[in-house]
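Q: Could you look at this predicted model? Sequence included:
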Amino acid sequence: MDLSIVIPLYNEADSLSYLEDWIRNVMEEHGFTYEVIFIDDGSKDDSWQVINELAEKNNNIKAIRFRRNYGKSAALNKAFHLVEGDVVITMDADLQDNPEEIPPLYRMMNEEQYDIVSGWKRNRKDPLSKTIPSRFFNAVTSMVSGISLHDFNCGLKTYKKDVVKSIEVYGEMHRYIPVLVYKAGFERIGEKQVEHRPRQYGKTKFGLERFINGFLDLLSIMFVTKFGKRPMHLFGTLGVLSFVIGFLILLYLSYTRFVYYQWDMDDRPLFYLGLVTLGVGVQLFLTGFLAEMISLNSPNRDQYLISAEIGTQADQDHPNTSSST
Ligand SMILES: Nc1nc2c(ncn2[C@@H]2O[C@H](COP(=O)(O)OP(=O)(O)O)[C@@H](O)[C@H]2O)c(=O)[nH]1
Ligand SMILES: [Mg+2]
């Protein structure tokens, strides 16, 4: 199968049939074999009925309905487990992404061997209340992650199948998928300017609250990908550093106190600093131990992404995945 088109949605009943019609026309015109996977995230409107009607007429459609709303990341994650197409495209359901972009993105993926091509809504058709925070968000993400993309959060993205099968998206992490992908070891990341259209029906679901959670998720990603398998390296280093500083301060104070009788406890603020850094040092060290024990028992401990194998069971099961990738 050439293409899996993944469409996460929440309350988009009015847009769906128009969107499906448009996608089907583009697919037929270019002769792609494809599937469309709708993930209805507990919509409260008629979205699920509409999807049912569409699926009756087009058997390239697959769909999942969550019992309640779990968020866009959960929806994408579920869909990524299901996809069968060689190239996976995600797009928004609200008609802000243009299905005509799919064939050129597909071509770009294949010709230039990208792991992921991310859309860039250069000329964004949204109110200033969205575009200004978004600029800030992109600048920070780019700085923290070291990946130079203009638009991390564009719904329209294209992936190799391997790539989506290698990542777990949760929380509000859909904004950082390029970061997750990069940290998983897929480094061919491309960007393509795409058309962005004004929202016609329904209203936006992304406000400030989800935005703040999003920033916390960026910190988690940076921490987990770097130290998730070896937390002691972070906590232990900081803890020892803090402990040693505190210890030296107190040593110095004890020396001046007991050898020269220079001061009273009360008028040396440094004394308190020494106590605090010593205490914090011990705490950090203990946190490191706890984290290490948790990570030891975690099922992910031995999970390493493998891009090729020779002479193993997996190699014999799928001989053609082993050599080239
Ligand atoms: N699965 C799922 N999709 C969502 C959720 N919130 C928004 N979406 C979908 O994500 C896409 C982009 O959302 P939208 O509200 O248009 O965000 P905006 O374009 O940044 O204003 C649309 O297809 C929405 O239906 C959610 O909680 N779960
Ligand atoms: Mg939108």
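A: Sure thing, it's come through. Numbering: from 1, shown residues only. Ligands and ions are numbered 1, 2, ... in the order given.

Q: pretty sure residue 7 contacts residue 41?
A: No - using Cβ atoms under 8 Å, residue 7 is not in contact with residue 41; the gap is 10.9 Å. C-beta here means a position set from N, CA and C on the backbone, and glycine is covered the same way.

Q: Show the contacting residues for the nearest residue to residue 69 once chain neighbours are set aside.
A: Nearest residue to residue 69, sequence neighbours excluded (Cβ to Cβ, 6 or more residues apart in numbering): residue 42, at 4.2 Å. Neighbouring residues of residue 42 by Cβ atoms under 8 Å, 6 or more residues apart in numbering: 10, 65, 66, 67, 68, 69, 70.

Q: cutoff 10 Å now
A: Contacts of residue 42 were listed using Cβ atoms under 10 Å, 6 or more residues apart in numbering, and they are 10, 11, 48, 65, 66, 67, 68, 69, 70, 71, 75.

Q: what's the burial count for residue 310?
A: 8 (other Cβ atoms under 10 Å).

Q: From ligand 1, how far out is it?
A: Distance of residue 310 to ligand 1, computed by Cβ to the nearest ligand atom, to the nearest Å: 40 Å.

Q: domains of this structure?
A: Here the chain is described, according to automatic domain parsing, as comprising the domains 3-226, 228-325.

Q: so of those domains, which one's packed in deepest?
A: Ranked by mean neighbour count, the domains of the chain are led by domain 3-226 with a mean of 18 (mean count of other Cβ atoms under 10 Å).

Q: So for that domain, first residue to last residue, what's the gap.
A: 32 Å (Cα to Cα, to the nearest Å).

Q: show me what contacts residue 253?
A: With contacts defined as Cβ under 10 Å, 6+ apart, the neighbours of residue 253 are 262, 263, 265, 268, 270, 271, 273, 274, 275.

Q: So it belongs to a helix, correct?
A: Yes - assessed with DSSP: H, G, I helix; E, B strand; the rest coil, residue 253 lies in a helix.

Q: if we can go back for a sec, what would the contacts of residue 42 look like in TSV with distance to residue 161?
A: TSV is the format used below for those (distance: Cβ to Cβ, whole Å):
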residue	distance to residue 161
10	25
11	29
48	27
65	24
66	23
67	28
68	29
69	27
70	23
71	23
75	18
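
Q: quick one: which of those is nearest ligand 2?
A: Closest approach between the contacts of residue 42 and ligand 2, by Cβ to the ion: residue 10, at 10.7 Å.

Q: Now do the contacts for the nearest residue in space to the closest one that is not next to it in sequence.
A: Distances taken as Cβ to Cβ, 6+ apart put residue 41 closest to residue 10, at 4.7 Å, once the chain neighbours are dropped. Neighbour list for residue 41: 8-11, 47, 64-72, 74-75, 78, 205 [criterion: Cβ under 10 Å, 6+ apart].

Q: switch the cut-off to 6 Å
A: 10, 66, 69, 75 (Cβ atoms under 6 Å, 6 or more residues apart in numbering).

Q: For the stretch 51-200 of the chain, which residues are neighbours of ligand 2?
A: Proximity of the stretch 51-200 of the chain to ligand 2 is confined to 94, 96 under the rule Cβ under 5 Å from the ion.

Q: swap the cut-off to 6 Å and go again
A: The stretch 51-200 of the chain comes close to ligand 2 at residues 92, 94, 96, 199, as judged by Cβ under 6 Å from the ion.

Q: Mind checking what secondary structure the first one has?
A: Remark: residue 92 carries the secondary structure label coil [criterion: three-state DSSP].

Q: And the pLDDT at it?
A: Looking at residue 92, its pLDDT stands at 97.

Q: tell me the contacts of the closest residue to it other than its chain neighbours?
A: Spatial nearest neighbour of residue 92, excluding adjacent residues (Cβ to Cβ, 6+ apart): residue 155 at 3.8 Å. Contacts of residue 155 were listed using Cβ under 6 Å, 6+ apart, and they are 91, 92, 97.
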